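Visitor: coords please:
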Amino acid sequence: MPDLVAAINIHINPHLFDGGFALTWHGLFTAVGIAAGVWLAVRCARRVGLPEDDAFSIALVAVPCGIVGARALWVLEHTDLIHNVGDIFALTDGGISVYGAMIGGALGGFIYVVIWKPEFPRWLALDAAAPGMILGQAIGRLGDTINGEHFAKATDLPWAFRYTHPSTDGPWASIVDGVVPPAGDWFRGQVGALSEAPVPVHPVAGGYELILDFMILGGLLLLRRTKLLPGWGFVFYVLSYAAVRGLLALLRTDEQLAFDPLSVPQLLAILTGLAALAMAWFLWRNPPARPEPVDVSRALRREEGRARRRDGAARDAGSAPSSKAPKRPPASRAGPGGVRRRKRRDPG
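Guide: Below is the predicted model:
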């Protein structure tokens, strides 16, 4: 493919720090995405009346489960790269799976609610978690945009990405004359030749999926304004993300095959999509009660404002309002019949 094709050039070192501990842009944005996702999920939970402390407790369980799931699924996809037990935990030498984080976090949080907080509205909790989950995924894709670590097909579209930094070992390093290697060859180290110049490729992870993730987030926030029953927001999230990953997998070339011609993400997209449809059928047959929306934070602020006004009035009066007796109206000077008496003047 000609090197003169118009593209968006990215010349950024994917490693923030090198040495004993390597920190990449992907790792940084993953951490930021987790923090932002927890913040949004707790905020959404608070707006529907769920206790903030309980929401944080669920997040403290869901986040580690998501990290374990992300690494576990990546290891299952790339068993040929695991030679000993230490390789399983070598996060800096391997990768993580967004699908694994999604499945592990949702299952971990749901099981925690079912076992330790049975009175907690579980479907409402899943609805509150969905916007935070997709926000975290979208922010994580910003790191993919810089690192260029996901392979995609070569293209001459004007919005293609061309990675020009020598430390970037991503999309262009194993593309020869615009021809991509078979799926999985880069992970196995079986790429026979390298291109002499950076080749423009589709911005699948850091472009297309990033935009679509934010569109899903917008849809979830709009659904919160409707009168949908609890659970349907989470169904929308799972179903829409499954469709996004299944379609974008057609443009990626770095994914292992599950059953030819299906890649692992495509197979997972089908399975999670079917799971979302099963949840939709269950919610349709067993609709949960719709709780009254309560803005707990606003109610607390209103009550605190009243308390401050009462305290201020008490300080101005010099005593507490609870101990001060109400003022009595001044005694009337009117006589019988309501006629006001005149004050007699001393004739002397």
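Visitor: pretty sure residue 117 sits against residue 54.
Guide: Yes. When contacts are counted by C-beta atoms under 8 Å, residue 117 is listed as touching residue 54 (6.5 Å). Where C-beta positions appear, they are placed from N, C-alpha and C, glycine not excepted.
Visitor: for the protein, what spans make up the strands?
Guide: With DSSP state E as the criterion, the chain has strands at 8-10, 15-17, 23-24, 161-163, 257-259, 262-263.
Visitor: show me what the fourth one is packed up against.
Guide: Secondary-structure packing of strand 161-163 (3 or more C-beta pairs under 8 Å, 6 or more residues apart in numbering; DSSP states H and E): strand 8-10.
Visitor: neighbouring strands for the strand it packs on, and are they parallel or not?
Guide: Sheet pairing of strand 8-10 (DSSP bridges) gives strand 161-163 (parallel).
Visitor: quick check: mean pLDDT of the partner strand?
Guide: The pLDDT scores in strand 161-163 average 79.
Visitor: cool, and stretch 248-259?
Guide: For stretch 248-259, the mean confidence score works out to 73.
Visitor: and stretch 126-143, by the same measure?
Guide: Mean pLDDT, stretch 126-143: 93.
Visitor: got the CA positions of it in PDB?
Guide: Output in PDB follows, covering the C-alpha atoms of stretch 126-143 (Å, rounded to 0.1, in the frame of the first residue of the first chain):
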ATOM      1  CA  LEU A 126     -27.400  -3.800  37.600                       C
ATOM      2  CA  ASP A 127     -29.100  -0.900  35.900                       C
ATOM      3  CA  ALA A 128     -27.000   1.500  38.000                       C
ATOM      4  CA  ALA A 129     -23.800  -0.400  37.200                       C
ATOM      5  CA  ALA A 130     -24.300  -0.500  33.400                       C
ATOM      6  CA  PRO A 131     -23.400   3.200  32.700                       C
ATOM      7  CA  GLY A 132     -20.300   3.000  34.800                       C
ATOM      8  CA  MET A 133     -19.200  -0.200  33.100                       C
ATOM      9  CA  ILE A 134     -19.500   1.100  29.600                       C
ATOM     10  CA  LEU A 135     -17.800   4.400  30.600                       C
ATOM     11  CA  GLY A 136     -14.900   2.500  32.000                       C
ATOM     12  CA  GLN A 137     -14.600   0.500  28.800                       C
ATOM     13  CA  ALA A 138     -14.700   3.600  26.700                       C
ATOM     14  CA  ILE A 139     -12.000   5.400  28.700                       C
ATOM     15  CA  GLY A 140      -9.800   2.300  28.500                       C
ATOM     16  CA  ARG A 141     -10.000   2.400  24.700                       C
ATOM     17  CA  LEU A 142      -8.300   5.800  24.800                       C
ATOM     18  CA  GLY A 143      -5.200   3.900  25.900                       C
END
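Visitor: may I see the buried residues of that stretch?
Guide: Under the neighbour-count criterion of 16 or more other C-beta atoms under 10 Å, stretch 126-143 has 126-143 buried.
Visitor: before we move on, the earlier item: any chance of a markdown table for the strands of the chain, columns mean neighbour count and distance to residue 223?
Guide: Formatted as a markdown table, those follow (neighbours: other C-beta atoms under 10 Å; distance: least, C-beta to C-beta, whole Å):
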| stretch | mean neighbour count | distance to residue 223 |
| --- | --- | --- |
| strand 8-10 | 16 | 33 |
| strand 15-17 | 14 | 37 |
| strand 23-24 | 16 | 34 |
| strand 161-163 | 24 | 32 |
| strand 257-259 | 13 | 32 |
| strand 262-263 | 20 | 30 |
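Visitor: dump these to CSV, plus distance to residue 90.
Guide: Listed next are the strands of the chain as CSV, based on distance: least, C-beta to C-beta, whole Å:
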stretch, distance to residue 90
strand 8-10, 26
strand 15-17, 16
strand 23-24, 14
strand 161-163, 24
strand 257-259, 24
strand 262-263, 24
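Visitor: many thanks, we can stop here.
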